[in-house]
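> Make a model of this:
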Amino acid sequence: MTKPLAVVPANDTVKALLVLADVIQNKKAIFVSAPEINGVRPAIDPLPEQVAKNIACVVESSGSTGIPKRISISTEALLHAATTGQERLGPWGQWLLALPINFIAGQQVLIRSLLADQQPVIMNTALPFTAEAFLRSAMLMTNQIRYTSLVPNQLAKLISEAGKNKDMLAVLKSFRAILVGGQATPEELRQKATDLGIKVVVSYGMTETSGGCVYDGVPLDGVRLKIAPDGRLLISGKTLAEGQDDWIFTNDLAELSPDGKLNIIGRADRVIISGGIKLSLERVEYLGSELPGVSEIAAVPLQDETWGERVGIAYIGSPEVADDIANQLAHLLGPAGKPIRVIRVDKLPKLLTGKTDNRLVAELFN
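This next block holds a predicted model:
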């Protein structure tokens, strides 16, 4: 048996909500495309008009490779992730949508809003995220039980603003939980939030797991974890997308504590061994982005005869701070974290997802 697949542009959130209401009832499936521009839909590869009866959504994901792939998620997996995730956070409440809905995290916000029978407050995610826009949107929320889902860069902007704006601090503290994921969340950022009294829950997951399936290191009910011999994380359980093996390999190096709590070391292709020391390039980037005069930064591995691998930095910002970047990172991370090359650029190459294209950044050092 089959059912219709509705195609909705990412900037038509109202239509997406209506279709997702049918998705929950297993009447339709949804594919959310990139946003329309001036009323013109983006060009997309052909999609079937009908999909299998058990499919809830088809999500296009390119991860860190930039190669698009379409992932089909069943209604059972999607709802299991939504309900068990919400149960972990607390009572059902109102959500603020701050993420694009063509990604699974944004769709999960809408699904939870529908399951809670609560109208979400919707930010215009077609525009660049700003602390001011988030504050205006949060002030429109009417339920005292509030949630939102962010990526680390968004949270960092809000935390920075909260340090000087008491209204922002009060709004952030009013959320029962702020779910943060999509990429590595630096411990330093989480600690800043905790010190301000802001409740942050760090999620880990991907499109293939229907979004976040591990909260604060603890897998959701029905999700199992183990570590492969090469150190990569494997995931199994009820949130897996269709067509996956019983256990799926992630591209993340991880550790499990004796009580089963997950610690992500970093992406396998984003952790270097420098002088025998494992170093996360994502952490290098976060610490570098906090330095004065740096507006955006990317770290890549450079080969070194003595150390094996060293850090190379490309950044957007003031030309006067190049030496300071290297010295400050050495102070924060030790000798292994000191970049051997720092170059200033006008812009960093991007993938279609908006993430930095690290392969092209590495070519800048050739």
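
> quick one: the helices in the stretch 1-150 of the chain?
In the stretch 1-150 of the chain, the helices defined using DSSP state H, counting those that start in this stretch lie at 13-24, 75-89, 104-116, 131-138.

> who wins for proximity to residue 176 among these?
helix 75-89 (7.0 Å; C-beta to C-beta). For glycine as for every other residue, the C-beta is placed from the backbone atoms N, C-alpha and C.

> domains for this protein, by residue range?
75-266, 275-363 (automatic domain parsing).

> Lowest average confidence across these, which one?
Note on those: lowest mean pLDDT is at domain 275-363, with a mean of 92.

> Tell me how many other residues surround residue 333.
20 (other C-beta atoms under 10 Å).

> OK, contacts around residue 12?
Neighbour list for residue 12: residue 36 [criterion: C-beta atoms under 8 Å, 6 or more residues apart in numbering].

> And it, how close does it get to residue 60?
16 Å (C-beta to C-beta, to the nearest Å).

> now do residue 195
Applying C-beta to C-beta to residue 195 and residue 60 gives a distance of 38 Å.

> more neighbours, the two?
Taking other C-beta under 10 Å, residue 195 and residue 60 do not tie; residue 60 has more neighbours (20 against 9).

> Hmm, that one is touching residue 69, no?
Yes: taking contact to mean C-beta atoms under 8 Å, the distance of 7.3 Å between residue 60 and residue 69 places them in contact.

> number of nearby residues for residue 350?
Other residues lying near residue 350 total 12 when counted by other C-beta under 10 Å.

> try residue 213
Residue 213: 27 neighbours (other C-beta under 10 Å).

> That one contacts residue 223, doesn't it?
Yes: with contact defined as C-beta under 8 Å, residue 213 counts as touching residue 223 (4.7 Å).

> Any chance you could list residues touching both of these two?
Applying C-beta under 8 Å, 6+ apart, one finds that residue 213 and residue 223 are jointly contacted by 235, 237, 239.

> Most neighbours among those residues, which one?
Neighbour counts for these, by other C-beta under 10 Å, peak at residue 239, which reaches 29 neighbours.

> Surely residue 255 is in contact with residue 265?
Yes: the criterion here is C-beta under 8 Å, and residue 255 meets it with residue 265 at 6.6 Å.

> mind listing what's buried in stretch 314-328?
By 16 or more other C-beta atoms under 10 Å, the buried positions in stretch 314-328 come out as 314-315, 317, 321-322, 325-326, 328.

> And for stretch 231-245?
For stretch 231-245, by 16+ other C-beta under 10 Å, it's 233-242.

> These into CSV, with extra columns for distance to residue 132 and secondary structure?
Compiled in CSV, the buried residues of stretch 231-245 are given as follows (distance: C-beta to C-beta, whole Å; DSSP: H, G, I helix; E, B strand; the rest coil):
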residue, distance to residue 132, secondary structure
233, 37, strand
234, 42, strand
235, 37, strand
236, 42, strand
237, 40, strand
238, 40, coil
239, 35, coil
240, 39, coil
241, 36, coil
242, 40, coil
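
> can you list those in JSON lines and add distance to residue 4?
Listed next are these as JSON lines, based on distance: C-beta to C-beta, whole Å:
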{"residue": "233", "distance to residue 4": "36"}
{"residue": "234", "distance to residue 4": "35"}
{"residue": "235", "distance to residue 4": "30"}
{"residue": "236", "distance to residue 4": "31"}
{"residue": "237", "distance to residue 4": "29"}
{"residue": "238", "distance to residue 4": "25"}
{"residue": "239", "distance to residue 4": "24"}
{"residue": "240", "distance to residue 4": "24"}
{"residue": "241", "distance to residue 4": "20"}
{"residue": "242", "distance to residue 4": "17"}
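
> Count the neighbours of the nearest residue to residue 230 once chain neighbours are set aside for me.
Nearest residue to residue 230, sequence neighbours excluded (C-beta to C-beta, 6 or more residues apart in numbering): residue 268, at 7.9 Å. Residue 268 sits with 16 neighbouring residues when counted by other C-beta under 10 Å.

> what's near enough to touch residue 268?
By C-beta under 8 Å, 6+ apart, residue 268 lies in contact with 230-232, 251-253.

> what's around residue 341, how many residues?
Neighbours around residue 341, by other C-beta under 10 Å: 15.
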